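K.L.:
pasting a predicted model and its sequence here:
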Amino acid sequence: MDWLVRGGILMAPILAFSVVALGIFLERLWILRKELILPEQPLRELENFLRKKMIPEARTYCQQHPYPLTRILFAGLQQYGNARNLIKENMEERGKAEALELKKYIGLLHTIASVSPLLGLLGTVSGMIKVFSTISVEGVGNPASLATGISEALITTAAGLTVAIPTFLGQRYLAARAERFVHMLEEYATYLLNLLPTSAPKGEEESP
């Protein structure tokens with residue numbers, strides 16, 4: 001805790017950023033898992049329903065199992081019986097919303113990684129101002145007084161970089177992971193769209 005005190009007031013936002021960054025990283029790491037985004041069992045069930053032209057059952061299954069992929073398919077099934085391009089458009093719109101959800105908070109990590117070293121630099125400037133102020137008043141004969149400002153300058157710089165570097169790496173990892181899942185969702189959604197019968201079964205045209 002001593003280095004937190006010696007680092008000055010700018011250590012508080014740097015420490016807060018580190019806590020926020022860690023929380024976001026762990027939360028996104030938990031969310032960006034295949035079993036939560038593209039679970040195998042629901043995919044097999046949906047394939048089975050679509051191949052057998054069991055559209056009402058597919059709709060019900062999507063509502064009972066709210067995964068990103070099932071929400072995308074459900075958006076298309078709501079337009080089933082209409083023109084195919086309308087079904088595709090609905091699925092694409094829902095897919096964009098799901099993509100944004102997968103990338104949620106990742107931009108904030110980028111901001112933290114950018115701002116943290118700037119706070120460290122500000123602490124460096126603040127510490128050096130104190131050093132020169134001390135020199136102007138007491139001269140260079142009191143090393144203890146000079147050490148306080150120099151310590152603040154070095155500690156805040158180190159702290160800012162310590163937060164920024166792992167946050168940047170974590171942000172890049174999560175961004176790549178989210179992008180990979182977005183592409184997988186697009187592929188699976190297209191695959192399921194192609195499994196849809198070209199026309200609604202008898203009695204389905206009027207279904208909502």
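P.N.:
Right, received. Where do you want to start?

K.L.:
what stretches of this protein score poorly on pLDDT?
P.N.:
Low-confidence segments of the chain, defined by pLDDT under 70: 1-8, 129-152, 198-208.

K.L.:
E27 against K104, yeah?
P.N.:
No - E27 lies out of contact with K104 (C-beta atoms under 8 Å); the separation is 9.2 Å. Placement of C-beta: from N, CA and C, glycine included.

K.L.:
residue contacts, Y105?
P.N.:
Shown in contact with Y105 (C-beta atoms under 8 Å, 6 or more residues apart in numbering): 24, 27-28.

K.L.:
highest neighbour count among those?
P.N.:
Counting neighbours by other C-beta atoms under 10 Å, R28 leads the contacts of Y105 with 22 neighbours.

K.L.:
mind checking how far that residue is from E179?
P.N.:
13 Å (C-beta to C-beta, to the nearest Å).

K.L.:
ok, back up a step: tabulate the contacts of Y105 (a markdown table), appending secondary structure and distance to L185.
P.N.:
Listed next are the contacts of Y105 as a markdown table, based on DSSP: H, G, I helix; E, B strand; the rest coil; distance: C-beta to C-beta, whole Å:
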| residue | secondary structure | distance to L185 |
| --- | --- | --- |
| I24 | helix | 22 |
| E27 | helix | 20 |
| R28 | helix | 16 |
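
K.L.:
longest helix in this structure, by residue count?
P.N.:
Identified as the longest helix of the chain according to DSSP state H is helix 143-195.

K.L.:
run the chain-centre distance for that helix.
P.N.:
10 Å (C-alpha atoms, centre = their mean, to the nearest Å).

K.L.:
quick one: the helices in this protein?
P.N.:
Under the criterion DSSP H, the chain carries helices at the ranges 2-6, 11-31, 34-37, 40-51, 55-64, 68-77, 84-102, 106-138, 143-195.

K.L.:
pick the most deeply packed of those helices.
P.N.:
For those, the stretch with the most neighbours on average is helix 68-77, a mean of 24; neighbours defined as mean count of other C-beta atoms under 10 Å.

K.L.:
report the central residue of this protein.
P.N.:
Closest residue to the average C-alpha location of the chain: I106 at 3.3 Å, with C-alpha atoms, centre = their mean.

K.L.:
I'd say it and R177 touch.
P.N.:
No - judged on C-beta under 8 Å, I106 makes no contact with R177 at a distance of 9.3 Å.

K.L.:
if I look at the nearest residue to K88 once chain neighbours are set aside, how far off is S114?
P.N.:
Using C-beta to C-beta, 6 or more residues apart in numbering and skipping the chain neighbours, the partner closest in space to K88 is L193 (6.2 Å). Distance check for L193 against S114: by C-beta to C-beta, it reads 39 Å.

K.L.:
repeat for E45
P.N.:
The span separating E45 from S114 equals 44 Å under the rule C-beta to C-beta.

K.L.:
picking up where we left off before, enumerate every residue touching the residue nearest to the centre of the chain.
P.N.:
By C-beta under 8 Å, 6+ apart, the neighbours of I106 are 24, 28, 171, 174-175, 178.
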